[in-house]
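In: A structural model of the following input is requested.
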Amino acid sequence: MKIGKLLLVLCALAVPFTLSGCNTAKTDTAGNGEHVDDHGHDHGEDGHSHGEEGHSHELGPHGGHLIELGGEKYHLEWEHDDEAKVLTFYVLDGDAKKDVPIADENIKITIAVGEDKKEFEVPAVRAEGEDKTAKFETKDADLFALVTADEAKATVTLEIEGTPFEGEIEHHAH
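Out: Below is the predicted model of the structure:
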């Protein structure tokens, strides 16, 4: 199937999923390769947890989902505006509390659906005269549809202070 037709089908399938659930982040980091598997969980007032050895779905300071980077050396927060179809990413410190401005011009998102892979770049949002930023944003409708589709595996790659980091964007219906 051609990639254009695949994207059209995925976009059509993604709409019901994005309207009916939320997305949360699951991570992989530079170096350790460990993942926390999906499992049942309880929903509480402050998000929901997955037991003592699991992970919690805490929200970042901008209200988005968190991705661990480098064994929690850094975090990447991502949020999605379902109406405007905008994805915004923020680079955060190890406590996921403060923005960490970086020099990258963009971050890379790789989407895998079955055997097909597609790469996207999310550009930096900088104030005039600034050479670093913690904010990256895109209005790419194809990327939005794929990142929010349950069938897709999305991986984000960025460099912080000369070190490459990678994290997995994971989501599941609630």
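In: What's opposite the residue lying closest to Gly63 once chain neighbours are set aside in the beta bridge?
Out: Distances taken as CB to CB, 6 or more residues apart in numbering place Glu79 nearest to Gly63, at 6.1 Å, with adjacent residues excluded. Every residue, glycine included, has its C-beta placed from N, CA and C. With DSSP bridges as the criterion, Glu79 is bridged to Thr88.
In: Output stretch 139-151 as CSV, restricted to C-alpha atoms.
Out: Extracted as CSV, the C-alpha positions of stretch 139-151 are listed here (Å, rounded to 0.1, in the frame of the first residue of the first chain):
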residue,chain,number,x,y,z
LYS,A,139,0.9,21.8,13.0
ASP,A,140,1.7,18.8,10.7
ALA,A,141,-1.7,17.1,10.3
ASP,A,142,-0.1,13.8,9.1
LEU,A,143,2.3,13.7,12.1
PHE,A,144,-0.6,14.5,14.5
ALA,A,145,-2.7,11.7,13.1
LEU,A,146,0.1,9.2,13.4
VAL,A,147,1.3,10.2,16.9
THR,A,148,-2.2,9.9,18.3
ALA,A,149,-3.0,6.6,16.5
ASP,A,150,-2.9,3.4,18.6
GLU,A,151,-1.4,1.4,15.7
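In: and that stretch, what's its mean pLDDT?
Out: Confidence over stretch 139-151 (mean pLDDT, whole number) is 88.
In: Would you mind listing the buried residues in that stretch?
Out: By neighbour count on 16 or more other CB atoms under 10 Å, the buried set for stretch 139-151 is Asp140, Asp142, Leu143, Phe144, Ala145, Leu146, Val147, Thr148, Ala149.
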